[in-house]
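Enquirer: I'd like to go over a predicted model; first the sequence, then the structure.
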Amino acid sequence: MPTMSPETVRDAMVPEPTTLAAAASAQDAGRCFADNGEVRAVFVTEDGGRLLGVVTRKTLVREVVAAGREPSAVSLREIAEPPNFTLDAGLELESAFRFLEEQDLERVPVVEDGRLVGVLSRAVVQRRLAEDEPPEAEPEAGSLVL
């Protein structure tokens with residue numbers, strides 16, 4: 001009987017997250033947020049997909065709006081925040097979930113050879129792992145459960 005290999009981050013990640021090139025403007029990032037209310041972060045890449053950093057709504061407000069800078073004149077390279085953590089696409093899913101829990105992270109970029117390939121969300125992993133849990137067996141009548 002073949003054994004199934006454990007699920008990996010690649011199996012549960014959201015592929016193709018919202019990305020912009022490092023040369024794109026803060027205005028371009030703002031447009032991404034405005035066009036899709038579900039986008040929580042724009043991942044900034046360069047050199048064929050190498051992850052440079054992350055821009056969030058908070059980043060735009062702090063680095064552009066509150067600083068009085070012109071959004072069309074600010075490149076994402078200038079304001080992208082390096083990710084605190086990344087996950088390798090080949091990491092076992094349960095290990096990744098433990099890491100997300102320990103670090104209290106909601107989502108983390110997934111990379112292969114430094115290139116962004118997806119995003120892993122804690123909520124998605126929780127659902128996925130819960131689906132894989134076998135149902136608890138009902139104790140037989142008269143059996144002792146400790």
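Expert: In hand now; what should we look at?

Enquirer: quick one, helices of this protein?
Expert: Ranges of helices within the chain are 9-12, 26-35, 57-60, 76-79, 93-103, 122-132, based on DSSP state H.

Enquirer: okay, those helices in TSV with mean neighbour count next?
Expert: From N, CA and C alone the C-beta is placed, and that goes for glycine too. Below are the helices of the chain laid out as TSV (neighbours: other CB atoms under 10 Å):
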stretch	mean neighbour count
helix 9-12	19
helix 26-35	17
helix 57-60	16
helix 76-79	18
helix 93-103	15
helix 122-132	13
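
Enquirer: for the ones you listed, which one sits closest to residue 113?
Expert: helix 9-12 (13.2 Å; CB to CB).

Enquirer: what sits up against the closest one?
Expert: 87-93, 96, 110, 117-118, 120, 124-125, 128 (CB atoms under 8 Å, 6 or more residues apart in numbering).

Enquirer: over to stretch 103-120?
Expert: With contact meaning CB under 8 Å, 6+ apart, stretch 103-120 is reached by 9-10, 12-17, 19, 40-41, 43, 45, 48-51, 54, 83, 85-90, 96, 99-100, 121-123.
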